[in-house]
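**Student:** Let's see this in three dimensions:
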Amino acid sequence: MILQKEMGILNDEFFFEATKKINSSAQYLSKTIDDFRNFIRNTEHKVDFSIKNSLKTTVSILHSAMINNHINLILNLTDDITLHGYENELIQAFINIINNAKDAINENVKNDEDKFIFIKTQLINDKLELTIKDSGGGIPENIIHRVFEPYFTTKHQSVGTGIGLSMVYKIITERHPSTITVENQEYQYNNKHYKGACFRIIFNG
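**Tutor:** Residues are numbered from 1 along each chain as shown. As a prediction, the model looks like this:
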């Protein structure tokens, strides 16, 4: 805008479109700051919260990481449930699962057009099913049954501590009335074939 103004070619259409984008970016940054502020608050007390809103907060926190790694987040958050529990702990669990998916994609997928993470909620018999599925090629079948074990990791010791998914398991199954499982899935998306890990969380409400 400044450059165009100095050159005398700044027109009203470009001016209003640019200021709209500036305002939109500022509003998004403000919301992200609010999300971080809420995220680091004390989590000692149980509260009633929306799973859908918690996922939106998670996505907001991870937004830049997804863009920097050229990963397409496909959200289908049509269904929701109110849970009584520790929201920030659950957000930490979501972040951990999605970050693991990001790492798998970065390690195994070269084409940016094939980098996907799908997040979906679906009500089934008064329970909310949340699935987080990636296109990272899946977890080796000989170790997939061990991924929730404490200190088990497939990453180099300089990268992973091994406590990530075991803590996710504890947060979901011991701190909330919920269950979590993982499996490899093969599926079609945009007429292309993909394979990846799918984490399935059932919230009992």
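
**Student:** Asn184 touches Cys198, doesn't it?
**Tutor:** Yes. The pair formed by Asn184 and Cys198 meets the contact definition of Cβ atoms under 8 Å, at 7.2 Å. Where C-beta positions appear, they are placed from N, C-alpha and C, glycine not excepted.

**Student:** Looking at these two, which is more packed in?
**Tutor:** Neighbours were counted for Asn184 and for Cys198 using other Cβ atoms under 10 Å; Cys198 has more, 20 against 15.

**Student:** so who does that one touch?
**Tutor:** Going by Cβ atoms under 8 Å, 6 or more residues apart in numbering, Cys198 touches 131-134, 182-185.

**Student:** Out of all residues in this structure, which is the farthest from the middle?
**Tutor:** The centre of the chain is farthest from one residue, Gly8, which by Cα atoms, centre = their mean lies 44.9 Å away.

**Student:** Just to be sure, it is in a strand?
**Tutor:** No. Judged by DSSP: H, G, I helix; E, B strand; the rest coil, Gly8 forms no part of a strand; its state is coil.

**Student:** coming back round to it: just the buried ones from the contacts of Cys198, in ChimeraX syntax?
**Tutor:** Command for ChimeraX, covering only those of the contacts of Cys198 found buried under the criterion 16 or more other Cβ atoms under 10 Å:
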select :132,133,134,182,185
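
**Student:** between the contacts of Cys198, which is closest to Ile71?
**Tutor:** For the contacts of Cys198, the minimum distance to Ile71 (Cβ to Cβ) is 8.6 Å, reached by Asp134.

**Student:** Pull the contacting residues for that closest one.
**Tutor:** 101, 104-105, 116-118, 196-198.

**Student:** go with 10 Å
**Tutor:** 71, 97-98, 100-105, 108-109, 115-118, 185, 194-199 (Cβ atoms under 10 Å, 6 or more residues apart in numbering).
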